[in-house]
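S.K.: Predicted structure and sequence below. I'll ask about it afterward.
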Amino acid sequence: MKKATKIGVLAMAVLMIFSLVGCSSGTTSTSDTKKYVIATDTTFKPFEFENDKGERVGIDIDLLAAIAADQGFEYELKAVGFDAALGEVTSGQSDGMIAGMSITDVRKETFDFSDPYFDSGVVMAVSANDNTIKAYSDLAGKKVAVKNGTEGATFAESIKAQYGFETVSFPDSSNMYEDVKAGNSAALFEDYPVVGDAIASGVPLKIIGEMEKGSSYGFAVKKGQNAELIKMFNAGLANVKASGKYQEILDTYIQK
């Protein structure tokens, strides 16, 4: 009986040691750092685009990198296009998205947004050799090109009944520009920094009229999820603005 009791005690001791080892390995593991998946657009220069080396760059890309470095989180970037990025986040395939996404009341029903990181504006542009379109009223009976999900598209939709034009939607800026250059659409409405950069880069368009006030851009996650990611983005955004890094990024990509 005594011998059996000693064996039982030893067995229990061994089990307790293994149990403690198992518990301690979980708390000291360095693999607990979460890596977020962030979706973005593909062609929304100067916010996200590929440079001559095939590298993904732009205001959104550099800003995300600066904020991640400031806050100490890791991420995987998925350049899938604006519409696909919306789907990635709503389906849970991506944790968040940064893609020149305007903060609107409608989108707030589906997404939680960060603090605004850029204030946009909308302009109308036509082919560089077009001298017939001088005002919105000249668009009556014509087609106007817009890019899906942009402030330009929202603004065009808001005035098309008033001025009697039809909108044609495109998934990316380059195809929208080509449609206007080819004369299929008489004009386009686009976020000012985007079309301004395109013109500065040699795209044969010209801006007509004054800039309309647009909404602000924000980083987004699925509503009710990844609150910690939004919190880190906001904290990092405040820090990179205070350090001057934010303005440095804007100055790199926006033509003055």
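M.R.: All right, it came through fine.

S.K.: I figured T42 hits V80, correct?
M.R.: Yes - counting by C-beta atoms under 8 Å, V80 is a contact partner of T42 at 7.2 Å. No exception for glycine: its C-beta is placed from N, CA and C like everyone else's.

S.K.: The helix or strand harbouring Y36 - which strands sit beside it in the sheet, and in what orientation?
M.R.: Under the criterion of DSSP states H and E, Y36 resides in strand 35-40. Under the criterion DSSP bridges, strand 35-40 sits next to strand 74-79 (parallel), strand 96-97 (parallel) in its sheet.

S.K.: What is the subsequent helix or strand relative to the longest one?
M.R.: Taking DSSP H and E as the definition, the helix or strand that follows strand 74-79 towards the C-terminus is helix 82-91.

S.K.: same question, the last one
M.R.: Moving toward the C-terminus from strand 96-97, the first helix or strand encountered (DSSP H and E) is strand 111-113.

S.K.: Now stretch 213-227: buried residues?
M.R.: Using 16 or more other C-beta atoms under 10 Å as the test for burial, stretch 213-227 gives G214, S215, S216, Y217, G218, F219, A220, V221, K222, N226.

S.K.: show me what contacts the fourth one?
M.R.: So the one you mean is Y217. With contacts defined as C-beta atoms under 8 Å, 6 or more residues apart in numbering, the neighbours of Y217 are F47, G100, M101, S102, I103, P116, Y117, F118, D119, S120.

S.K.: now swap in the first one and tell me
M.R.: Contacts of G214 were listed using C-beta under 8 Å, 6+ apart, and they are S102, D119, S120, G121, V122, E151, F155, D191, Y192.

S.K.: Which ChimeraX command selects the buried ones in those?
M.R.: ChimeraX command restricting the contacts of G214 to the buried ones, with burial defined by 16+ other C-beta under 10 Å:
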select :102,120,121,122,151,155,191,192
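
S.K.: Greatest separation within the contacts of G214: which pair is it?
M.R.: Farthest pair in those (C-beta to C-beta) is D119 and F155. Separation: 14.7 Å.

S.K.: Which helix or which strand is home to V122?
M.R.: strand 118-127.

S.K.: Can you give me the domain assignment for the chain?
M.R.: Here the domain assignment for the chain is 35-117+218-253, 120-215, based on automatic domain parsing.
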